[in-house]
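S.K.: can't give you the sequence, but here's the structure:
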């Protein structure tokens, strides 16, 4: 193919073999991962199997598995199976691990068994950022994100959900009973077979109804009147879109205003953010290492007790007050449409007129 840039022949032999380091540039982020993890004392952080066993099959060093985990975090590769695939085809991961390729079960078990140690590693990274003066030390922003759990929505139960499902089952039983009466008035083998099928369906629905009644008792006995069968800690949470609620977790994150680095994070199964402001602000202040701190959050964090707790702790919160008035829905102006004039102690309405106090 003339006049095109041509690639190498796949069968062309090289006199000198290629060096893996040649494929990783000097400013590649994997070199940061390598330098950071090599300086950590994994035993102090709490990682398991730092000291190898004297017998049995040799294990992978925790540093190697931690490098794979951090690489997946930075590149949004969460699945352990996908991480295993990356170790076999991704040159950056090959360079990072020395061409080692742990199977997905090893990667998943490492993540499951070393949760507190990985959290301690995150704290070490925050301390490193503080030493490098990467934090502004003045302002952090706090927000929450809903993370979907492995628990299916049909495996999560609340009193309202159980009530709706029981009503649906009862409606189906009534419908099948009506169809069964119609089949009984008919003659023939087809009608008889249909009647048998309908009886089986009714029996299955009645059994399912009894199971829901037992589940309802367990839900009422739960502290928050909610249970999840697959992931017991996951909870049903509302999202902004109608009918788009998820069963998962509420991940709280505090981010520095200068370089947008995460200085604190927390995972909770409470579906709202109203009780998280002071706790996350305290963690952010501890991570940054400054006493004076300004915190910015959205309306979901507005709660008088939380704002007071921040003020008493010496933290300045900026949280807009929720718009709870129904004036907009009724076609009237809301309080936010009126401008207060301090020097005259008056309000200016949207039409430009003055409202005086009387």
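M.R.: Received, thanks. Keep in mind it's a predicted model, so treat the numbers as computed, not measured.
S.K.: residue ranges with poor pLDDT in the stretch 51-200 of the chain?
M.R.: Within the stretch 51-200 of the chain, the ranges that satisfy pLDDT under 70 run 188.
S.K.: show me the helices in it, by range?
M.R.: Remark: helices assigned in the stretch 51-200 of the chain by DSSP state H, counting those that start in this stretch are 62-74, 80-89, 91-97, 104-113, 115-131, 159-184, 189-221.
S.K.: dump those helices into JSON lines; add distance to residue 271 and mean neighbour count as well.
M.R.: Just so you know, the C-beta spots here come from the backbone N, C-alpha and C atoms, and that holds for glycine as well. Formatted as JSON lines, these follow (distance: least, Cβ to Cβ, whole Å; neighbours: other Cβ atoms under 10 Å):
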{"stretch": "helix 62-74", "distance to residue 271": "25", "mean neighbour count": "20"}
{"stretch": "helix 80-89", "distance to residue 271": "28", "mean neighbour count": "16"}
{"stretch": "helix 91-97", "distance to residue 271": "37", "mean neighbour count": "20"}
{"stretch": "helix 104-113", "distance to residue 271": "25", "mean neighbour count": "16"}
{"stretch": "helix 115-131", "distance to residue 271": "23", "mean neighbour count": "15"}
{"stretch": "helix 159-184", "distance to residue 271": "14", "mean neighbour count": "14"}
{"stretch": "helix 189-221", "distance to residue 271": "16", "mean neighbour count": "13"}
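S.K.: out of those helices, which gets nearest to residue 16?
M.R.: Nearest of those to residue 16, taken as Cβ to Cβ: helix 91-97 at 18.3 Å.
S.K.: gap between the residue lying closest to residue 28 once chain neighbours are set aside and residue 14?
M.R.: Counting by Cβ to Cβ, 6 or more residues apart in numbering, residue 28 lies nearest to residue 92, which is 6.7 Å off, once chain neighbours are set aside. Between residue 92 and residue 14 the distance is 21 Å, computed by Cβ to Cβ, to the nearest Å.
S.K.: list the contacts for the closest residue in space to residue 194 that isn't next to it in sequence?
M.R.: Distances taken as Cβ to Cβ, 6+ apart place residue 183 nearest to residue 194, at 4.9 Å, with adjacent residues excluded. By Cβ atoms under 8 Å, 6 or more residues apart in numbering, the contact set of residue 183 is 191, 194-195, 198.
S.K.: residue 183 and residue 170, how far apart?
M.R.: As judged by Cβ to Cβ, residue 183 and residue 170 stand 20 Å apart.
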